[in-house]
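> Here is a sequence together with a model predicted from it:
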Amino acid sequence: MFMPGKQSEQIGLFQVDEHGDAPFEKLSHENGVRFWYAREYMEALGYEKWSEFKNKALNRAMQACLQSNIAIEDNFTSCKRTVKGHQVDDYKLSRFACLVIALNGNPKNKAVAQAQTYFTSLAEWIHGAAFSFESADRIIARNEISDRERTLSSAASRRGVTSFGAFQNAGYRGMYNMDLWELKQIRGLEDDKRPLLDFMGRDELAGNLFRLSLTEGRLEKDNVRGQAQAEYVAEDVGKSVREMMIKETGKRPESLPVVEDIALVKRGLKQANKELPKGDDLELQRANRDAELTAIYESAPDGDFFPDCLECLNGSKTSHNGSPQCSNGSIAAGGLVAHCDCDYCSLA
């Protein structure tokens, strides 16, 4: 499969050769549509046990799709098949399902990291959307926090909490050393209707989920009664989580960066679900790409167009040292620009 740029860092089944092909593509099967068996994909990602892969990667990927309003049945089809003489449970995965599973995997696993690079580059090539490996985890963690807040609200109500907002703020105050409204102000979130949680990264969401879980446990353990006691517990737990995060990461929770709106992350996944199947027709993709390059080349003046020059490919008309086409410093244009991405430039 054609991939933009050089992929020399990719290895194994996700290594792209000089023709733009990766061995992973040969693992696919055809039955009217193109698919990959989950058990075969599991091995490609370096997992040894089906139970581990299913619980830590497959199920979480399906959960991320469900929470993004993406049809699971279109991407994960349960099936049974015979492997080495034994009938086993399996799934037929779409290309998009493979992408979400990779995004949700542990990048410390080298095979997973290579799969993440492969699929995110592919998604960006097809429809211009960039993805990070945190995408699926963020969606899942954000939903888990919503569920936990509901159960915590019920537990707090049973313990005599009459203002959940004040109780909730006490937890934030303990973890961030400031009230929630101050934290929003520092992070530049002016829309009071949007939860700050929607702009937190995966690790920060995990910290807050841990805080909420511990708080619910402490309410029960300490037999808390009343608003004041509950707020004290919430703030105390928040302080404990704060100390743990600073110790483990060296960063104060309030200093963590704002990340992309989770609504946009979900939208990006939905767009990828729509566009990614276009990559299944490899020959058509190459033909379309070749046609685009030919059209650009034929419209360029002789001697002024180079297909490896990004500026030329983008159709730049800006003059550079006498060239009407190449504006980024190619030798053809007489330029020697050190930061140029063109293979014809001097990088000295």
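All right, it came through fine.
> would you say T77 is within a strand?
Yes: assignment of T77 by DSSP: H, G, I helix; E, B strand; the rest coil places it within a strand.
> Which of the helices or strands spans the nearest residue to it once chain neighbours are set aside?
In this structure, T77 finds its nearest non-sequential neighbour in K92, 4.2 Å apart by CB to CB, 6 or more residues apart in numbering. From N, CA and C alone the C-beta is placed, and that goes for glycine too. In this assignment (DSSP states H and E), K92 forms part of strand 86-93.
> Check which residues of that strand are buried.
90-93 (16 or more other CB atoms under 10 Å).
> Return the list of helices and strands in contact with the helix or strand that it is followed by.
Per DSSP H and E, the first helix or strand lying C-terminal to strand 86-93 is helix 95-103. Here helix 95-103 touches strand 34-37, helix 59-67, helix 110-127, helix 135-158, helix 262-275, going by 3 or more CB pairs under 8 Å, 6 or more residues apart in numbering; DSSP states H and E.
> After the fourth one, which helix or strand is next? Please name it.
I take that to be helix 135-158. helix 164-176.
> list the buried ones in that following helix?
For helix 164-176, a neighbour-count test (16+ other CB under 10 Å) marks 164, 167-176 as buried.
> Need the residues you listed in JSON lines (columns: distance to M244).
Formatted as JSON lines, these follow (distance: CB to CB, whole Å):
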{"residue": "F164", "distance to M244": "25"}
{"residue": "F167", "distance to M244": "21"}
{"residue": "Q168", "distance to M244": "20"}
{"residue": "N169", "distance to M244": "20"}
{"residue": "A170", "distance to M244": "18"}
{"residue": "G171", "distance to M244": "14"}
{"residue": "Y172", "distance to M244": "16"}
{"residue": "R173", "distance to M244": "17"}
{"residue": "G174", "distance to M244": "12"}
{"residue": "M175", "distance to M244": "10"}
{"residue": "Y176", "distance to M244": "14"}
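> What residue spans form the domains of this protein?
What automatic domain parsing lists as the domains of the chain is 12-127, 135-258, 300-333.
> Looking at those domains, spot the one closest to L269.
domain 12-127 (5.0 Å; CB to CB).
> Return the distance of that closest one from the chain's centre.
Relative to the mean C-alpha coordinate of its chain, domain 12-127 is positioned 15 Å out (CA atoms, centre = their mean, to the nearest Å).
> Adjust the sequence numbering to begin at 283 for everything that follows.
Got it, first residue is 283 now, which makes that one domain 294-409.
> follow-up on the earlier one: between the domains of the chain, which gets the lowest average pLDDT?
For the domains of the chain, mean pLDDT drops lowest on domain 582-615, to a mean of 49.
> Is it possible to get JSON lines of the helices and strands packed on helix 377-385 that adds mean neighbour count and distance to T531?
Putting those into JSON lines (neighbours: other CB atoms under 10 Å; distance: least, CB to CB, whole Å) gives the following:
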{"stretch": "strand 316-319", "mean neighbour count": "20", "distance to T531": "36"}
{"stretch": "helix 341-349", "mean neighbour count": "20", "distance to T531": "23"}
{"stretch": "helix 392-409", "mean neighbour count": "20", "distance to T531": "21"}
{"stretch": "helix 417-440", "mean neighbour count": "18", "distance to T531": "16"}
{"stretch": "helix 544-557", "mean neighbour count": "18", "distance to T531": "21"}
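> closest one to E472 among the ones you listed?
Among the helices and strands packed on helix 377-385, if distance is taken as CB to CB, the winner is helix 544-557, at 16.2 Å.
> helices and strands around the closest one, which ones?
By 3+ CB pairs under 8 Å, 6+ apart, helix 544-557 packs against helix 341-349, helix 377-385, helix 392-409, helix 417-440.
> want to throw those helices into TSV with distance to S360?
Compiled in TSV, those are given as follows (distance: least, CB to CB, whole Å):
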stretch	distance to S360
helix 341-349	10
helix 377-385	12
helix 392-409	22
helix 417-440	20
